[in-house]
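Asks: Need a 3D model of the following:
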Amino acid sequence: MKYHLMSKHLFIGFAICFLALACGNTKKTVETKPSQSTDYINPQSDIAITGSVNFDNEESLTIYSAIIKNVIGDKAGAYIGNEMDKIASQLQETIDYSELLRAGEGLILEFNSTSDFYFNTGKTNLNYNSKQNLDIIASVLKENPKVHLIIETHTDANGNEEVNMQLSQERVQSIKDYLVEKGIDASRIKTKAFGENQPKVNNDTKENRQRNRRVEFGFYASEELKEEALTQTND
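Replies: Next comes the predicted model:
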């Protein structure tokens, strides 16, 4: 499948669903860019441009926006997309996620508190199920050393906003620390804690609050992989 760099509006309009629904569990595939059917209440306005991920210096930059800024398009982009498809197949077969979607030439893997990666209420330490899923993610990263990772943590809006932000910060750090302990170079991992400030849906029901309590992992091409893609597809 060939992926071209497009403006954001065109990109949204022609979003491509690339994974089949897994039967009998909570896995759900989503269009390339979250559409109206996913009930996002805070769509981002970042413009899709070529370049490198500059995640740390942009306070509101989400995984989706960061990955889209990393696209290179054309044949090289298709080469990277093919590598991401392989990763997607691994994840689909081994992890009970809530959403797995293509974003540009990257992937976004989401767990919310209805899936097998979650934090116990008010806690920041990783539980058994979460560690098992991180072991799989670490294995995928080891098999794909030219792929980098962005991690986001989110809470619902219950409780104090400052407390929720602190929880989010400590949780994302515990995830990164665990992956580093498993042998993943820290330079390959970027983190962002949003607390309750980036809700996926309104916090008006128990079910929606479960969806907002989530951890997202973004897989994207390193500069080395982009160079490889350009070299391998150079006519």
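Asks: What does the residue lying closest to Arg188 once chain neighbours are set aside show for phi and psi?
Replies: Nearest residue to Arg188 in three dimensions, chain neighbours excluded: His148, at 4.8 Å (CB to CB, 6 or more residues apart in numbering). Every residue, glycine included, has its C-beta placed from N, CA and C. Note on His148: its backbone torsions stand at phi -110, psi 170 [degrees, to the nearest 10].
Asks: burial of His148, as a residue count?
Replies: Neighbourhood size, His148 [other CB atoms under 10 Å]: 25.
Asks: do the one 5 residues further on as well
Replies: When counting by other CB under 10 Å, one arrives at 25 neighbours for Thr153.
Asks: residues contacting it?
Replies: Residues in contact with Thr153, defined by CB atoms under 8 Å, 6 or more residues apart in numbering, are Ser168, Gln169, Arg171, Val172, Ile175, Lys192, Ala193, Phe194, Arg214, Val215, Glu216.
Asks: State the distance from it to Asn234.
Replies: According to CB to CB, to the nearest Å, Thr153 stands 39 Å off from Asn234.
Asks: what do you get for Leu100?
Replies: Taking CB to CB, one finds Leu100 at 31 Å from Asn234.
Asks: Give me the more crowded residue out of those two.
Replies: Summary of the neighbour comparison: Leu100 and Asn234, criterion other CB under 10 Å, with Leu100 having more neighbours (22 against 8).
Asks: mind listing what the closest residue to that one other than its chain neighbours touches?
Replies: Counting by CB to CB, 6+ apart, Leu109 is the residue found nearest to Leu100 once chain neighbours are left out, at 5.4 Å. Shown here is Leu109, whose contacts under the criterion CB under 8 Å, 6+ apart are Leu91, Ile95, Tyr97, Glu99, Leu100, Ile137, Glu216, Phe217, Gly218, Phe219.
Asks: Those residues in strands, which ones?
Replies: Among the contacts of Leu109, the ones falling in strands (DSSP state E) are Glu99, Leu100, Glu216, Phe217, Gly218, Phe219.
Asks: Tell me the one of these nearest Asn120?
Replies: Within the set of the ones in strands among the contacts of Leu109, Glu216 lies nearest Asn120; the separation is 18.7 Å, counting by CB to CB.
Asks: residues near that closest one, how many?
Replies: If you count neighbours by other CB under 10 Å, Glu216 ends up with 23.
Asks: measure Gly81 to Ile63 for me?
Replies: Here the criterion is CB to CB. By it, Gly81 lies 17 Å from Ile63.
Asks: So which of those two has more stuff around it?
Replies: Taking neighbours as other CB under 10 Å, Gly81 and Ile63 compare with Ile63 leading, 26 against 23.
Asks: which non-adjacent residue is nearest the more buried one?
Replies: If you skip the residues right next to it in sequence, Ile63 has Gly218 as its closest partner in space, 3.7 Å away by CB to CB, 6+ apart.
Asks: Mind listing residues that contact the host helix or strand of Glu162?
Replies: When secondary structure is defined using DSSP states H and E, the element that contains Glu162 is helix 161-181. In this structure, residues lying in contact with helix 161-181 by CB under 8 Å, 6+ apart are 119, 122, 124-126, 131, 134, 137-138, 141, 149, 151-158, 186, 189, 191-197, 215.
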